[in-house]
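**Student:** fold the stuff below for me.
(2 chains)
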Amino acid sequence: EVQLVESGGGLVQPGESLRLSCAASGFTFSSSWMHWVRQAPGQGLVWVSHINTDGSTTNYADSVKGRFTISRDNAKNTLYLQMNSLRVGDTAVYYCATSWAVSPGGYWGQGTLVTVSS
Amino acid sequence: DIQMTQSPSSLSASVGDRVSITCRASQGISNNLAWFQQKPGTAPKSLIYAASSLQSGVPSKFSGSGSGTDFTLTISSLQPEDFATYYCQQYKSSPYTFGQGTKLEI
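**Tutor:** Sure thing, here's the model as predicted:
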């Protein structure tokens, strides 16, 4: 069974940093592109970032470029999102997901809530 | 960036109905389109990729069509568990933008 378990969310002040983790199991993590997607309270889905299988290719939404860094450790089957210079507008549930451009694919974690507030 | 526009934003239907949701891209994306279902308080679920291919385990009552800029998600024989919010998303080019969502209500 595919499992993605996010952790690392919490309450931080504007300007602070946070690192999210996504522990993967039940599939060959090292063969899957991975994504982070976020959803602000009561709002729609927003794609944040993705990373290829070996970590050599990454892309970001304009709103997080230069502040967030996606990475992965294939030996630990874990995806990361380092979030620096956090803003109130970054408040959201953050989901990790496997590539949805293939099948089987498109698996999502349960999400972790990040709240940025003073 | 490629903009994705869904219509309608909300839709009322009854159990047993067949409904369609459309998604339009601001520029051609070939068939690089996915559809997702999300129920309140839960993570999204992947339904369709490559515009018309069902993800593993998704029932055939869901179908997708389209290519280029215009796409459609059709759900047949609505059941209570199908009432949710649906999102399209293009993955032709980064940033991979989502539509604003369509809330399907009873």
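
**Student:** so where do the strands sit in the chain?
**Tutor:** This is for chain A. A:3-7, A:10-12, A:18-25, A:34-39, A:45-51, A:58-60, A:68-73, A:78-83, A:92-98, A:112-116 (DSSP state E).

**Student:** nope, chain B
**Tutor:** Counting by DSSP E, the strands of chain B are B:4-7, B:10-12, B:19-25, B:33-38, B:45-49, B:53-54, B:62-67, B:70-75, B:85-90, B:102-105.

**Student:** for those strands, which one sits closest to A:Trp108?
**Tutor:** strand B:45-49 (7.1 Å; C-beta to C-beta). Just so you know, the C-beta spots here come from the backbone N, C-alpha and C atoms, and that holds for glycine as well.

**Student:** can you list the strands that that closest one pairs with?
**Tutor:** strand B:33-38 (antiparallel), strand B:53-54 (antiparallel) (DSSP bridges).

**Student:** output it in CSV with nothing but the alpha carbons.
**Tutor:** This file holds the C-alpha atoms of strand B:45-49, laid out as CSV (Å, rounded to 0.1, in the frame of the first residue of the first chain):
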residue,chain,number,x,y,z
LYS,B,45,-7.6,12.1,-5.1
SER,B,46,-6.3,11.7,-8.6
LEU,B,47,-8.9,10.6,-11.1
ILE,B,48,-7.5,11.2,-14.7
TYR,B,49,-4.2,11.9,-16.3
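
**Student:** still on that earlier bit, go through the strands paired with strand B:45-49 and pick out the most buried.
**Tutor:** strand B:33-38 (a mean of 25; mean count of other C-beta atoms under 10 Å in any protein chain shown).

**Student:** so B:Ala43 sits against A:Gly106, correct?
**Tutor:** No - applying C-beta atoms under 8 Å as the test, B:Ala43 and A:Gly106 come out as separate, 11.0 Å apart.

**Student:** quick one: which of the two has more around it?
**Tutor:** A:Gly106 (25 against 20; other C-beta atoms under 10 Å in any protein chain shown).

**Student:** nearest residue to that one other than its sequence neighbours?
**Tutor:** Among residues not flanking A:Gly106 along the chain, B:Ser46 sits closest, at 2.6 Å (C-beta to C-beta, 6 or more residues apart in numbering or on different chains).

**Student:** show me the contacts for that neighbour.
**Tutor:** By C-beta atoms under 8 Å, 6 or more residues apart in numbering or on different chains, the contact set of B:Ser46 is A:97, A:100, A:105-108, B:34-36, B:55, B:58.

**Student:** try B:Thr102
**Tutor:** B:6-11, B:21, B:85-87.

**Student:** 6 Å instead?
**Tutor:** Listed by C-beta atoms under 6 Å, 6 or more residues apart in numbering or on different chains, the contact set of B:Thr102 reads B:6, B:21, B:86.

**Student:** picking that back up, I'd like the strands paired with strand B:45-49 as JSON lines, with distance to B:Ile106 appended.
**Tutor:** Formatted as JSON lines, the strands paired with strand B:45-49 follow (distance: least, C-beta to C-beta, whole Å):
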{"stretch": "strand B:33-38", "distance to B:Ile106": "15"}
{"stretch": "strand B:53-54", "distance to B:Ile106": "24"}
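
**Student:** using JSON lines, lay out these together with mean pLDDT.
**Tutor:** JSON lines is the format used below for the strands paired with strand B:45-49 (pLDDT from 0 to 100):
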{"stretch": "strand B:33-38", "mean pLDDT": "98"}
{"stretch": "strand B:53-54", "mean pLDDT": "96"}
